[in-house]
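S.K.: Kindly generate the corresponding structure for this input.
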Amino acid sequence: MNKKLSIIIPVYNVEDYIAECIQSVLKQITNDTELIVVDDGSTDQSLEVIYNLQKDTDFTVIAQKNSGVSVARNKGMSEAVGEYMVFIDSDDYWREDTISQLLPLVERYEPDMVRFNATPFYEEGVALDYTVVNYDLSEFLKEEKLYTGKSLKANLDSFKASPCLYIFKKSLVIDNGILFEENIIHEDQLFSTQLFLEAKSMLYLNEDLYYRRYRLNSITTNRSIEQLKYAYISYYKIIRVLELMLKEKTYMDFKLDFVEGRIKYLYNLSNGYPLSLKFRRPFISKVETVSSKHKVLTEFKNVAKRLFPSKLVDHLKSK
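M.R.: Predicted coordinates for the structure are as follows:
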């Protein structure tokens, strides 16, 4: 049976949060929507919590061996029958009227994407810069304006990588062969970039429909050296895919600028990590679209960051 919207939740070891997440969807589920929960080999009680919830309300549960969130999301997409799809991270939750806000818009406008805002919240012990986690897009986008053609530049200029902050047509990923890259983290950086590039129309809803949790020991906040190395290599792989896209495809100028901007952003972000140049050098040498001058300046800033006060570093960054 066809549905209008498929809601996909990948799960891994979130026994304390998954009930709240799933219930936030089940309380508003309709005949036009379906919920797909993919457990990625959890070793805690997450799957038991999911099955207990399934006893009262019918939704799809897929249990797979631990393969990573990309595999889980791809599995969910492959099983989805909805015209549109959306993701929720398993430690987050939806506002109670999310479905009733979104479905009338897709019925009326039939856009490739609908974007919305989120509200971040934090567990005790987590401190993040609010400017980094600002999910209010109203500064960049007009509500219920159908963005098409060159006006889609506003969509790219307000890019947010999280795939939980928009719904999208299933045909968009099928027609363009877009999947989540496996065996990396920060896979949303690539998936969302590809999706934004291929979208032919976008609508914005100025509502905080999504509640995003920042917690200790999550992928978002874990900053161990091992995690940083894994993240660095992941970003390098994403950069190489984006560089290949530039070689194989022809983009309008504003889309070309967007891809080049994403490459530079990911390069700057990853090479700002406190990892040795010895570790990073083999990867740096293979990045083709970042100039040698920029690479040298980045390393100079890294040295300055360690040796000089933060005010001087801020001054250098402004140059």
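S.K.: CA only for contacts and neighbour counts going forward, please
M.R.: Will do.
S.K.: Let me see the ranges of the helices in this structure.
M.R.: For the chain, the helices defined by DSSP state H occupy 18-26, 46-54, 69-79, 98-109, 153-157, 170-176, 188-198, 225-248, 253-270, 277-284, 292-307, 310-317.
S.K.: out of those helices, nearest to Tyr12?
M.R.: helix 46-54 (7.3 Å; C-alpha to C-alpha).
S.K.: Of all the residues in the closest one, which ones are buried?
M.R.: Residues of helix 46-54 classed as buried by neighbour count (16 or more other C-alpha atoms under 10 Å): 46-47, 49-50, 53.
S.K.: Dump those into a markdown table; add pLDDT and distance to Tyr166 as well.
M.R.: Putting the buried residues of helix 46-54 into a markdown table (pLDDT from 0 to 100; distance: C-alpha to C-alpha, whole Å) gives the following:
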| residue | pLDDT | distance to Tyr166 |
| --- | --- | --- |
| Ser46 | 98 | 26 |
| Leu47 | 98 | 26 |
| Val49 | 98 | 27 |
| Ile50 | 98 | 24 |
| Leu53 | 97 | 26 |
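S.K.: and for stretch 3-16, what are the contacting residues?
M.R.: With C-alpha atoms under 8 Å, 6 or more residues apart in numbering as the test, stretch 3-16 has contacts from 18, 31-46, 49, 69, 72-73, 76-77, 80-91, 103.
S.K.: Inside strands: which ones of those?
M.R.: Among those, the residues falling in strands (DSSP state E) are 33-40, 82-87.
S.K.: Need the max-distance pair from the residues you listed.
M.R.: Applying C-alpha to C-alpha across those, the maximum distance is between Asp40 and Glu83, 24.5 Å.
S.K.: between the two, which one's more packed in?
M.R.: Taking other C-alpha atoms under 10 Å, Asp40 and Glu83 do not tie; Asp40 has more neighbours (24 against 17).
S.K.: neighbours around the nearest residue to that one once chain neighbours are set aside, how many?
M.R.: Using C-alpha to C-alpha, 6 or more residues apart in numbering and skipping the chain neighbours, the partner closest in space to Asp40 is Asn66 (4.8 Å). By the criterion of other C-alpha under 10 Å, Asn66 has 14 neighbours.
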